[in-house]
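Asks: When you get a sec, could you give me coordinates for this:
(one chain, ligands or ions: 2)
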Amino acid sequence: GPGSGPSQPGKRRLGVMGGTFDPIHHGHLVAASEVAARFHLDEVVFVPTGQPWQKSHRLVSAAEDRYLMTVIATVENPQFSVSRIDIDRGGPTYTVDTLRDLRALNPDTDLFFITGADALAQILTWRDSEELFSLAHFVGVTRPGHHLTDAGLPEGGVSLVEVPALAISSTDCRARVATGDPVWYLVPDGVVRYIAKRELYRGE
Ligand code: ATP
Ligand code: MG
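Replies: Ligands and ions are numbered 1, 2, ... in the order given. Below is the predicted model of the structure:
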């Protein structure tokens, strides 16, 4: 089944959920939870990006704010953790660097990189895309408005998983805060309070 994948028996199985997380929301959390169950992952590590090169057209919140929101959202789940590697490396984040570093930090571990269908579609345009598939198994998850397609992706290197559709995006959460609309139940309660405390997304 999909849980067996290309990995070896007995090895630790680590999911990697990269994202800007500006802010983290329940779409991210459901996707990670669903892939963890489906692929029998031991743990999922959330990795907030450094200054994201794909989003240079808008101001991204401070890395420490995005990191802390990710910690707040995941702290109660014993299977979830957060890594600072992309933030501490500095500069724009390339997924190949994330996976190389996580490989070095986690010997005898199979990596499963979890990414939305929208990002997966662009995967072949990413830097060092060939090496990517040797570093991790790629798991593309559905998100509302995007269809899963495996066109052009290397055979065996990618799995596609349908997760319960949550029509939530960070973009919409930011827009809601800016116009005074609620984000309760779109993001974890602690993240709602953190956004208010730090006055994030007010002027957008
Ligand atoms: P933005 O609107 O700013 O682009 P986002 O909601 O897409 O933010 P990201 O931090 O860019 O959040 O997403 C991190 C990863 O989570 C990406 O791979 C993205 O495709 C995936 N993702 C985001 N929202 C959902 C969702 N509702 N369901 C499943 N996957 C999602
Ligand atoms: Mg996005």
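Asks: all contacts plus neighbour counts: C-alpha atoms, from now on.
Replies: Noted.
Asks: which is the next helix or strand following the lowest-mean-pLDDT helix or strand in the chain?
Replies: Sorting the helices and strands of the chain by mean pLDDT, DSSP states H and E puts helix 117-121 at the bottom, at a mean of 76. Once the chain leaves helix 117-121, the next helix or strand it forms, by DSSP states H and E, is helix 129-135.
Asks: from the chain's centre, how far out does that following helix sit?
Replies: 18 Å (CA atoms, centre = their mean, to the nearest Å).
Asks: The helix or strand following it pairs with which strands, parallel or anti?
Replies: Next helix or strand after helix 129-135 toward the C-terminus (DSSP H and E): strand 137-141. The pairing partners recorded for strand 137-141 under DSSP bridges are strand 109-116 (parallel), strand 158-161 (parallel).
Asks: what does the average pLDDT come to for the shortest one?
Replies: What it means is strand 158-161. The average pLDDT for strand 158-161 rounds to 86.
Asks: Give the next helix or strand downstream of that strand.
Replies: Downstream of strand 158-161, the next assigned helix or strand under DSSP H and E is helix 170-179.
Asks: For that next one, name the packing helices and strands.
Replies: Contacting helix 170-179 under the criterion 3 or more CA pairs under 8 Å, 6 or more residues apart in numbering; DSSP states H and E is no other helix or strand.
Asks: which parts of that helix are buried?
Replies: Neighbour-count burial for helix 170-179, counted by 16 or more other CA atoms under 10 Å, picks out 170, 173-177.
Asks: give the contact list for the closest residue to R84 other than its chain neighbours.
Replies: Spatially, and ignoring its direct neighbours in sequence, R84 is nearest to V47 (6.6 Å; CA to CA, 6 or more residues apart in numbering). Contact partners of V47, counting by CA atoms under 8 Å, 6 or more residues apart in numbering, are 16-19, 82-86.
Asks: Throw together a ChimeraX command that grabs the buried residues out of these.
Replies: Typed into ChimeraX, the line below selects the buried ones among the contacts of V47, using 16+ other CA under 10 Å:
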select :16,17,18,19,82,83,85,86
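Asks: Tell me the one among the buried residues of helix 170-179 nearest to ligand 1.
Replies: Lowest distance from ligand 1 to the buried residues of helix 170-179 (CA to the nearest ligand atom) belongs to S170, with 3.8 Å.
Asks: pretty sure the closest one is in contact with H26, am I right?
Replies: No. Using CA atoms under 8 Å as the test, S170 is too far from H26 to be in contact (10.0 Å).
Asks: Quick one: the helices in this structure, in order.
Replies: Remark: helices assigned in the chain by DSSP state H are 26-38, 63-74, 85-89, 95-105, 117-121, 129-135, 170-179, 189-198.
Asks: Out of those helices, which gets the lowest mean score?
Replies: helix 117-121 (a mean of 76).
Asks: do that helix and ligand 1 meet?
Replies: Yes. Against ligand 1, helix 117-121 shows contacts by CA under 6 Å from any ligand atom at 117-119.
Asks: which of those count as buried?
Replies: The neighbour count (16+ other CA under 10 Å) marks 117-118 as buried among those.
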